[in-house]
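**Student:** fold the following.
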Amino acid sequence: MKNHYLTIMLSIGIMAACTEPNIEEGPLVERLSSNQDIHFEELTKLISSKMTDPSFRQFIKMESIEQFDGDYDILFAKMVTKDINSGGNKINVRSYLTNVLNNGRTSGEAEAFIEILLQDYPLLQVSIPEIYEGSTEKWDAETKSILVAYLPEDYDEFKTKDLIAYDSEGNKHLIDAINEPTVPVIVIGLNERINYSEGSSSGRIVPYFSNKYFTYFFNSDEKESLDSNDRMMATHAFDRDSNNGRDVLYKGRFVDKDAFRQVEKWPGGRPEFKVVIGYIDKSSGTPTARTTTKYLSEDGWIKKKFFSADLLTKTINVPILTWYKDRYALDMTYIWVELDASGSGSIEVTSQLVTKFEDGTATTQTIKTTIDNNDDQAGDSVVQYEHPTGGDGTWYSTGIVNFSVNQE
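**Tutor:** Coordinates of the predicted model:
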């Protein structure tokens with residue numbers, strides 16, 4: 001159970017015990033408006049204070065470039081279980097951080113703060129977003145310190161203009177949240193590419209990581225169950241008539257740079273999409289709206305340069321399902337969603353699918369999917385059974401993303 005009383009009291013104690021130079025503190029009542037902001041700012045100060053240590057800088061860099069989730073992110077829950085080479089000695093990262101917290105605090109307070117972070121913010125991460133191609137990997141962590149910033153709880157990539165950051169001397173800075181900085185910045189935030197459940201890993205296939213509180217796992221495709229007896233050959237009028245292989249979401253590309261900027265700003269790192277495929281299934285006799293969801297990898301969409309980015313055509317190559325026109329009708333809709341860190345709620349997205357079956361029976365169904373209120377809707381497009389599927393297949397556009405569908 002989360003100890004929110006401890007959270008608030010410890011936050012007050014931490015603020016009272018730590019007097020930073022050149023930092024203007026707002027009124028206490030304003031500072032207490034969000035426990036998350038208080039905790040993230042404290043962690044930001046803590047990590048920035050250790051930017052004076054080349055060993056710690058190198059640790060952060062090397063952990064980030066492992067790209068465990070496809071981006072330059074480090075899951076905090078796993079980070080504190082690792083060791084750092086400090087002063088020629090190996091020391092656990094959690095001990096390394098709590099030793100710093102012990103300065104002016106009891107060891108119990110220091111440990112309690114780490115526990116709050118682990119329990120209350122399972123998706124807490126430390127990241128170094130790529131601001132131009134290779135910027136993270138080219139950071140000279142041996143000799144150069146960088147700023148550490150955090151994403152506030154009300155962060156909105158279209159409305160938030162500035163982020164609070166700290167340097168290794170404890171000085172407070174405001175940095176542009178819209179336009180990329182000229183040098184890398186460490187960003188404290190919430191991971192948007194991994195999921196978790198409470199308790200042990202029972203029932204999960206090869207989880208990414210587990211601790212005493214949570215089991216972490218990657219978003220995986222929702223499995224659609226197709227009865228092999230339903231497979232049948234049709235007249236060979238179209239590509240899908242002569243090829244009963246699965247449809248494949250094959251390639252994708254942003255429509256233009258403005259479209260890319262609509263769904264991702266630099267603090268969020270690389271764009272991550274889920275695609276919800278909506279279709280009609282009458283295998284049970286009554287046409288019923290169904291969906292299957294695919295999560296796409298983050299790499300291959302853009303190539304960042306200094307102050308600019310080139311758009312790439314990404315090979316996605318994700319199988320969807322085998323399309324039987326007597327069962328699934330002649331149209332499907334592909335709904336694209338760019339995932340962001342979880343917000344405070346969710347919204348339902350609907351799309352009307354108007355189609356007909358091989359026998360001429362028409363049907364109109366509402367395709368529904370639930371997204372986080374921080375996620376960005378990236379449009380939808382209808383894929384038709386009759387369209388060619390050879391080579392790259394047929395290209396479609398949502399207005400944000402162009403994509404092609406072919407067959408195995």
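
**Student:** for G252, which non-adjacent residue is closest in space?
**Tutor:** F403 (4.4 Å; C-beta to C-beta, 6 or more residues apart in numbering). All C-beta atoms are positioned from the backbone trio N, CA, C, and that covers glycine.

**Student:** and that neighbour, what helix or strand is that in?
**Tutor:** strand 401-407 (DSSP states H and E).

**Student:** how far away from the center of its chain is that strand?
**Tutor:** Distance of strand 401-407 from the chain centroid (C-alpha atoms, centre = their mean, to the nearest Å) equals 22 Å.

**Student:** what is that strand packed up against?
**Tutor:** strand 247-254, strand 331-338, strand 376-384, strand 394-397 (3 or more C-beta pairs under 8 Å, 6 or more residues apart in numbering; DSSP states H and E).

**Student:** ok, F113 to I38 distance?
**Tutor:** In this view, F113 and I38 are 11 Å apart by C-beta to C-beta, to the nearest Å.

**Student:** who's more crowded, those two?
**Tutor:** Shown here are F113 and I38; by other C-beta atoms under 10 Å, F113 has more neighbours (24 against 20).

**Student:** show the pLDDT at that one.
**Tutor:** F113 is assigned 93 on the pLDDT scale.

**Student:** before we move on, back to that, can you say which of the helices and strands packed on strand 401-407 is nearest to K172?
**Tutor:** K172 lies closest to strand 376-384 among the helices and strands packed on strand 401-407, at 30.0 Å (C-beta to C-beta).

**Student:** what's the neighbour count on the nearest residue to G87 once chain neighbours are set aside?
**Tutor:** Spatial nearest neighbour of G87, chain neighbours left out: S55 (7.3 Å); criterion: C-beta to C-beta, 6+ apart. By the measure other C-beta under 10 Å, the count of residues near S55 is 18.

**Student:** could you look up the SS state of S55?
**Tutor:** helix (DSSP: H, G, I helix; E, B strand; the rest coil).

**Student:** next: I38.
**Tutor:** Assignment for I38 (three-state DSSP): helix.

**Student:** ok, it to I116 distance?
**Tutor:** With C-beta to C-beta as the criterion, I38 and I116 are 10 Å apart.

**Student:** N374 too?
**Tutor:** N374 is 23 Å from I116, by C-beta to C-beta.

**Student:** same question for F76.
**Tutor:** 12 Å.

**Student:** got a pLDDT number for the spatially most central residue of the chain?
**Tutor:** The residue lying closest to the centre of the chain (C-alpha atoms, centre = their mean) is E192, at 2.5 Å. Note on E192: pLDDT of 82.

**Student:** low-confidence ranges, the stretch 1-150 of the chain, go.
**Tutor:** 1-34 (pLDDT under 70).

**Student:** can you pull out the strands in it?
**Tutor:** 73-75, 83-86, 89-92, 124-127, 148-150 (DSSP state E, counting those that start in this stretch).

**Student:** what does the first one contact?
**Tutor:** Contacts of strand 73-75 with the rest of the structure, by C-beta atoms under 8 Å, 6 or more residues apart in numbering, involve 60, 63-64, 67-69, 123-127, 191, 193-194, 208-209, 216, 269.

**Student:** residues touching the residue nearest to S145 when sequence neighbours are not counted, list them.
**Tutor:** Using C-beta to C-beta, 6+ apart and skipping the chain neighbours, the partner closest in space to S145 is M51 (4.1 Å). Applying C-beta under 8 Å, 6+ apart to M51 gives the contacts 57, 145-146, 148, 167-168.
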